[in-house]
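Visitor: please work out how this folds:
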Amino acid sequence: MRIVFATDLSDANEAAIESRTCLECLDNIGVTEVHLLTVVPDNVSSGLPGMDVASDAREALKTQRGVFEEAGFEVETHVARGTPHRRINGLAERLDADMIVVGSRGESPLRNRLIGGTVRNVARTAVRPLLVERIEKTETGPAVTKEHLFQNTLYATDFSDNAERAYEFFPALTGATQRATLLHVRGREQREDDDSEQEARDRLEEMAEELRDRMGIDVETNVRAGGAVEEIVAEEERVGATTTLIGARGTSRLRRLLLGSTAESIVAQGNNNVLLVPPESATPR
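Guide: Next comes the predicted model:
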């Protein structure tokens, strides 16, 4: 598996890269090739004669490259200038990457930062599955919020085509995921339909049985009622999920809008690592 790991060369991103359990999780899902990318925005310059921002960035990447190489990954480094989310998506598309990984700090949009505050733009325009890894401040410095990235995965679905595409990503997590929870949130229209709750529970159980047989993991299901974002965040807390798996963009067969704005809000407001799977038709922006 080939990934693009976007870094802003901050202490926070170094904390994510240096987390041994996170490296092991990437290895467990079959990652062998890592492309470290840092983007210098067009409006950033040193302002000093003889200083080359791109050269400085390449030098700074050496430490992070060394961590991945010591863990056994093949590594290439890339420095690009331009709009960060465009450069990240562009490299992932050009390399035919299997996943993009970014680090995210903070719980609110005002504190959510990646290379100048673009993590939401990366999530909104991702053309490849995107892992948003939470980083938090601690007394000893930045650290990953939840280790063992995929160990306990919460999958949120509205039964749309894009949600099914996210579900189909589960087998790629074999070797890292030990437990999964499948969640459906019933909106107002569905709460007025007495049959919709049982229908949702039946569909979730069918999916759970398939995962148990295919991956040999523990799987539970749950149906909640209320606002999608609030209920997903509450379920993350209830089951102790380490990553939330969700489809990006799209509308539901059951007329419930879960993907798109909800996925974006989960990235911005949630406390969990998030794995976003874009629709098959996603193109670079």
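Visitor: so what pairs up with the residue lying closest to E205 once chain neighbours are set aside in the strands?
Guide: Nearest non-adjacent residue to E205, counting by C-beta to C-beta, 6 or more residues apart in numbering: T221, 5.8 Å away. The C-beta positions use only the backbone N, C-alpha and C, and glycine is treated the same way. T221 forms beta bridges with L182, as assigned by DSSP bridges.
Visitor: and T221, what does it touch?
Guide: T221 is in contact with 181-183, 201, 204-205, 207-208, counting by C-beta atoms under 8 Å, 6 or more residues apart in numbering.
Visitor: go ahead and build a ChimeraX selection from the buried members of those residues.
Guide: Of these, the buried ones go into a single ChimeraX selection, burial set by 16 or more other C-beta atoms under 10 Å:
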select :181,182,183,204,207,208
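Visitor: looking at the contacts of T221, spot the one nearest R134.
Guide: The shortest approach to R134 among the contacts of T221 belongs to T181, at 18.2 Å (C-beta to C-beta).
Visitor: could you check how far the closest one is from L131?
Guide: Per C-beta to C-beta, to the nearest Å, T181 is found 18 Å from L131.
Visitor: ditto for E59
Guide: Applying C-beta to C-beta, the value for E59 to L131 is 26 Å.
Visitor: tell me how many other residues crowd S19.
Guide: By other C-beta atoms under 10 Å, 19 other residues sit near S19.
Visitor: strands of this protein, start to end?
Guide: For the chain, the strands defined by DSSP state E occupy 2-6, 33-40, 74-81, 99-105, 130-138, 141-144, 152-156, 179-186, 218-225, 243-247, 273-277.
Visitor: L23 contacts E69, doesn't it?
Guide: No. With contact defined as C-beta atoms under 8 Å, L23 does not reach E69; the gap is 11.1 Å.
Visitor: which of those two has more residues huddled nearby?
Guide: Shown here are L23 and E69; by other C-beta under 10 Å, L23 has more neighbours (21 against 12).
Visitor: need the pLDDT of the residue lying closest to the more buried one once chain neighbours are set aside.
Guide: Distances taken as C-beta to C-beta, 6+ apart put A71 closest to L23, at 4.6 Å, once the chain neighbours are dropped. pLDDT, A71: 90.
Visitor: phi and psi next, for A71.
Guide: Dihedral angles phi and psi of A71 (degrees, to the nearest 10) take the values phi -80, psi 0.
Visitor: how about the nearest residue to the residue most central in space within the chain, chain neighbours excluded?
Guide: Nearest to the centroid of the C-alpha atoms of the chain, with distances taken as C-alpha atoms, centre = their mean, sits L131, at 2.3 Å. Spatial nearest neighbour of L131, chain neighbours left out: V101 (4.6 Å); criterion: C-beta to C-beta, 6+ apart.
Visitor: beta partners for the one you found?
Guide: Note on V101: beta-bridge partners F5, L131, judged by DSSP bridges.
Visitor: my read: it touches I135, true?
Guide: No. Under the criterion of C-beta under 8 Å, V101 is not in contact with I135, lying 11.9 Å apart.
Visitor: contacts only, for V79.
Guide: Each residue near V79 by C-beta under 8 Å, 6+ apart is listed here: 37-40, 54, 57-58, 61.
Visitor: what is the nearest of those residues to T7?
Guide: Distance to T7, by C-beta to C-beta, is smallest for T38 among the contacts of V79, at 5.4 Å.
Visitor: beta-bridge partners for that closest one, please?
Guide: T38 has these beta-bridge partners by DSSP bridges: V79.
Visitor: how about L154?
Guide: L154 has these beta-bridge partners by DSSP bridges: T181, T244.
Visitor: count of residues packed around it?
Guide: A total of 25 residues lie near L154 under the criterion other C-beta under 10 Å.
Visitor: what sits against it?
Guide: Counting by C-beta under 8 Å, 6+ apart, L154 touches 180-181, 183, 232, 235-236, 239, 241, 243-245, 272.
Visitor: and it, what pLDDT?
Guide: L154 is assigned 97 on the pLDDT scale.
Visitor: begin at 177 from here
Guide: Will do, 177 is the new start, and the previous item becomes L330.
Visitor: residues in contact with the residue lying closest to T350 once chain neighbours are set aside?
Guide: For T350, ignoring the flanking residues on the chain, the nearest one in space by C-beta to C-beta, 6+ apart is M391 at 5.3 Å. When contacts are counted by C-beta under 8 Å, 6+ apart, M391 touches 346-347, 349-350, 353.
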